[in-house]
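# sequence plus the predicted model coming up.
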Number of protein chains: 2
Amino acid sequence: MTKKIKLGIVGYGNLGKGAVEAINQTDDMELVAIFTRRDPKDLHVSSDNVKAIHISDAEKYKDEIDVMLLCGGSATDLPEQTPELARMFNTVDSYDTHAKIPEFYASVHQAATKGNTTAIISVGWDPGLFSINRVMADAILPNGSTYTFWGKGLSQGHSDAIRRVNGVKYGVQYTIPTEAAIQRVRNGENPELSNADKHKRVCYVVAENDANKEEIVETITTMPNYFADYTTEVHFITEEELQRDHSKAPHGGFVIHSGNTGDNHNQIYEFSLKLDSNPEFTASVLVAYARAAYRLNKENQYGAKTVYDIAPSYISQRSNEELRRDFL
Amino acid sequence: MTKKIKLGIVGYGNLGKGAVEAINQTDDMELVAIFTRRDPKDLHVSSDNVKAIHISDAEKYKDEIDVMLLCGGSATDLPEQTPELARMFNTVDSYDTHAKIPEFYASVHQAATKGNTTAIISVGWDPGLFSINRVMADAILPNGSTYTFWGKGLSQGHSDAIRRVNGVKYGVQYTIPTEAAIQRVRNGENPELSNADKHKRVCYVVAENDANKEEIVETITTMPNYFADYTTEVHFITEEELQRDHSKAPHGGFVIHSGNTGDNHNQIYEFSLKLDSNPEFTASVLVAYARAAYRLNKENQYGAKTVYDIAPSYISQRSNEELRRDFL
């Protein structure tokens, strides 16, 4: 039996918990330790044989861990943690602040090149699988347009915005792609579409007992940046309904590329995800790319990489012979 | 301005013609010559500056062509042509006899290794883009099942079978995925589905004047291997309707992977194509992968490759910086 790839997880929120589940579904990887900024004693890890370690002791595990899955947030955790840890470990992260990716890449690349490690950044589904499809569709059908739709999905930022409104006790917001816009793209019309044309926003709100519901609706639907430009629905529900119907974190979306070839032949290329659990799926992508980080590092391919630099076979557990025989 | 990648095309059928169109849509590649087994004088190539050359003279173009696009058929052309030409040229082909891929790979790999060339085999959409998605979905969601649906698409083999029936003047057959089966997969039911469960066959027939239509229907719908196991519809149309409505070669299909993570959360991963012109799209994929063959060869990565060995950035015309900044 071949040696398993040894993984560490940094950060034990929803994404870190999803990573534990995803590793359990593989045959070729094992989880060694979870690293946390909290007191490790407070971490309740369901798997046996998995240590909870304070992040300040990570360096001691340099020889015991092949790849670190960085499961912190993009706002403040990853800009610090990825370059810091990539000096010592192969890493995979889900950095998703699109505007700052070039800068993030540069700082991680420097660290990983210095440390002879392989650091795959911005892994997940967007950035990640959606990015791959945007690039491949554009490469294959250069005379065309690419559209990204998000949802149906729970948006954390917009849910937070609702909860700050006066009289709102709890609230969740779903981003929902507009069916009519999707149809226009699938029909090859190549329409000009803003994000507001492509999506509507549906809010479920539990109001305080004495709240003025009309005022809540008014405040939400006119909120600049978040809702004002969008078709926004506000539904009032009870606390029980919120618990029962809105406790999951579904998400998904579509990348649709509509291109033309030859004598005006329309060609529609589409990739989509419909996810019951966004963090568990994202974690599953991270875990698959941990294989790639491990293998690339064995080939001395050091530095920061993105999903664009990774051939499909590197994320698969199967041999190249099996892939050619059974999957091609 | 950077030097353009110089391409040759071998075989000037529908796929070869699609390749000419696809090359015209790129900025970084140019077509040098089309190679044929026919008399080159009989080839009417619409582009200027493109030579028509007899295939027996290919070797003379060794230094003028960076990548050869092999646009012949899988039954007899490619098993001979790919190994023969891969000794001298970087190649891309669309070999699609699934059962014989390992054997084909071995013979091409030997030739390309010997010739220090890079030969990407079995490129297109199935095998090709569909294969990539089957592998990536399986790698990311190992606890799941993958379903491939084909269509709506014109099937050449089944159309030929109809035309051999007594009393049939012309005929075309479309393979159409069963909507109910797609829905069951998208719902995460993980059903067991045969090809006959997943597809129906719809035939459009122009009958001879004196033909017995009932007999035609009976003969088609009971034809073993081709139709007997499937839900088959036969529609009689006029020759004018055939010309007007059935002269294109549309195709497409779906790869749907339904997987579970964590506490039974269903995750649906889907890739689909809806193509007005199957040969033009397939040719567009070949042309994009010609970039990869050229670049891999520059990196001394010799031998036979499949789409599994190619990172997405290798097929894109854009720089890695641009991809990270604008597409990730």
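Ah, there it is.
# and the stretch 1-150 of chain A, which of its residues are near chain B?
Taking C-beta under 8 Å from any C-beta of the partner chain as the contact definition, the stretch 1-150 of chain A meets chain B at A:18, A:21-22, A:25-26, A:98, A:101-102, A:105, A:122, A:127, A:129, A:131-136, A:138-143. Bear in mind the C-beta positions are built from the backbone N, C-alpha and C, glycine included.
# same thing but 6 Å
Proximity of the stretch 1-150 of chain A to chain B (C-beta under 6 Å from any C-beta of the partner chain) is limited to residues A:21, A:25, A:101-102, A:105, A:122, A:127, A:131-132, A:134-136, A:139-140, A:142-143.
# ok, of those residues, which come out buried?
Buried members of the residues of the stretch 1-150 of chain A next to chain B, counted by 16 or more other C-beta atoms under 10 Å in any protein chain shown: A:21, A:25, A:101, A:105, A:122, A:127, A:131-132, A:134-136, A:139-140, A:142.
# filter these down to the ones in helices?
A:21, A:101, A:105, A:131, A:132, A:134, A:135, A:136, A:139, A:140 (DSSP state H).
# list just the nearest of those residues to residue A:154.
Nearest to residue A:154, judged by C-beta to C-beta, of these is residue A:21 at 18.9 Å.
# pretty sure the closest one is touching residue B:260, no?
No. The pair residue A:21 and residue B:260 fails to qualify as a contact (C-beta atoms under 6 Å) at a distance of 10.0 Å.
# hang on, the earlier thing: pLDDT for the ones in helices among the buried ones among the residues of the stretch 1-150 of chain A next to chain B - can I get that in a markdown table?
Below are these laid out as a markdown table (pLDDT from 0 to 100):
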| residue | pLDDT |
| --- | --- |
| A:21 | 96 |
| A:101 | 96 |
| A:105 | 98 |
| A:131 | 98 |
| A:132 | 98 |
| A:134 | 98 |
| A:135 | 98 |
| A:136 | 98 |
| A:139 | 98 |
| A:140 | 98 |
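# can you tell me which of those residues is closest to residue A:205?
Checking those against residue A:205 by C-beta to C-beta gives residue A:21 as the nearest, at 31.1 Å.
# report the contact partners of that closest one.
Going by C-beta atoms under 6 Å, 6 or more residues apart in numbering or on different chains, residue A:21 touches B:261, B:262.
# in the stretch 101-250 of chain A, what residue spans correspond to helices?
For the stretch 101-250 of chain A, the helices defined by DSSP state H, counting those that start in this stretch cover A:101-115, A:129-140, A:156-163, A:179-186, A:195-198, A:213-221, A:239-245.
# so which helix or strand of chain A has the lowest pLDDT on average?
Counting by mean pLDDT, DSSP states H and E, the weakest-scoring helix or strand in chain A turns out to be helix A:156-163, with a mean of 90.
# what packs against that one?
strand A:168-177 (3 or more C-beta pairs under 6 Å, 6 or more residues apart in numbering or on different chains; DSSP states H and E).
# ok, residues contacting the strand it packs on?
For strand A:168-177, the surrounding residues in contact (C-beta under 6 Å, 6+ apart) are A:149-155, A:158-159, A:162-163, A:199-206, A:208, A:242, A:246.
# ok, of the residues you listed, which come out buried?
The neighbour count (16+ other C-beta under 10 Å) marks A:149-155, A:158-159, A:162, A:199-206, A:242, A:246 as buried among the contacts of strand A:168-177.
# quick check: pLDDT value at the residue positioned nearest the centre of chain A.
Nearest to the geometric centre of chain A sits residue A:124, at 3.9 Å (C-alpha atoms, centre = their mean). In this model, residue A:124 is scored at 97, pLDDT.
# pLDDT averaged over stretch A:57-76, what's the number?
Mean predicted lDDT for stretch A:57-76 stands at 96.
# so for it, what gets flagged as buried?
A:58, A:61, A:65, A:66, A:67, A:68, A:69, A:70, A:71, A:72, A:73, A:74.
# from those, pick the one nearest chain B.
residue A:74 (12.6 Å; C-beta to the nearest C-beta).
# what's the most buried one of the helices of the stretch 101-250 of chain A?
helix A:129-140 (a mean of 24; mean count of other C-beta atoms under 10 Å in any protein chain shown).
# can you list contacts of that one?
Here helix A:129-140 has contacts from A:146, A:255, A:257, A:269, A:271, A:307, B:284-285, B:288, B:312, B:315-316, B:323, B:327-328, using C-beta under 6 Å, 6+ apart.
# adding distance to residue A:238, write the buried ones among the residues of the stretch 1-150 of chain A next to chain B out as CSV.
Listed next are these as CSV, based on distance: C-beta to C-beta, whole Å:
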residue, distance to residue A:238
A:21, 31
A:25, 36
A:101, 42
A:105, 47
A:122, 40
A:127, 37
A:131, 40
A:132, 42
A:134, 41
A:135, 45
A:136, 46
A:139, 50
A:140, 50
A:142, 52
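# from the residues you listed, pick the one nearest residue B:235.
So of those, ranked by how close each gets to residue B:235 (C-beta to C-beta), first place is residue A:140, at 33.7 Å.
# tell me where chain A has strands.
According to DSSP state E, chain A carries its strands in the segments A:5-10, A:29-36, A:51-54, A:67-70, A:90-93, A:118-120, A:144-150, A:153-154, A:168-177, A:199-207, A:231-236, A:251-261, A:265-275, A:303-305.
# turn the ones you listed into JSON lines, including distance to residue B:3.
Formatted as JSON lines, the strands of chain A follow (distance: least, C-beta to C-beta, whole Å):
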{"stretch": "strand A:5-10", "distance to residue B:3": "41"}
{"stretch": "strand A:29-36", "distance to residue B:3": "44"}
{"stretch": "strand A:51-54", "distance to residue B:3": "53"}
{"stretch": "strand A:67-70", "distance to residue B:3": "39"}
{"stretch": "strand A:90-93", "distance to residue B:3": "36"}
{"stretch": "strand A:118-120", "distance to residue B:3": "32"}
{"stretch": "strand A:144-150", "distance to residue B:3": "26"}
{"stretch": "strand A:153-154", "distance to residue B:3": "45"}
{"stretch": "strand A:168-177", "distance to residue B:3": "43"}
{"stretch": "strand A:199-207", "distance to residue B:3": "43"}
{"stretch": "strand A:231-236", "distance to residue B:3": "50"}
{"stretch": "strand A:251-261", "distance to residue B:3": "25"}
{"stretch": "strand A:265-275", "distance to residue B:3": "29"}
{"stretch": "strand A:303-305", "distance to residue B:3": "27"}
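# list the contacts of the least confident helix or strand of chain A.
Contacts for helix A:156-163 (C-beta under 6 Å, 6+ apart): A:168, A:171, A:172, A:173, A:203, A:226.
# ok, stretch A:75-83 next?
So stretch A:75-83 is contacted by A:70, A:72, A:93, A:95, A:107, A:108, A:111 (C-beta under 6 Å, 6+ apart).
# hmm, 10 Å instead?
Outside stretch A:75-83, the residues that touch it by C-beta atoms under 10 Å, 6 or more residues apart in numbering or on different chains are A:10-11, A:13, A:35, A:37, A:55, A:58, A:68, A:70-74, A:85, A:91-97, A:100, A:103-112, A:114-115, A:119, A:121-122, A:304.
# fine by me, thanks again.
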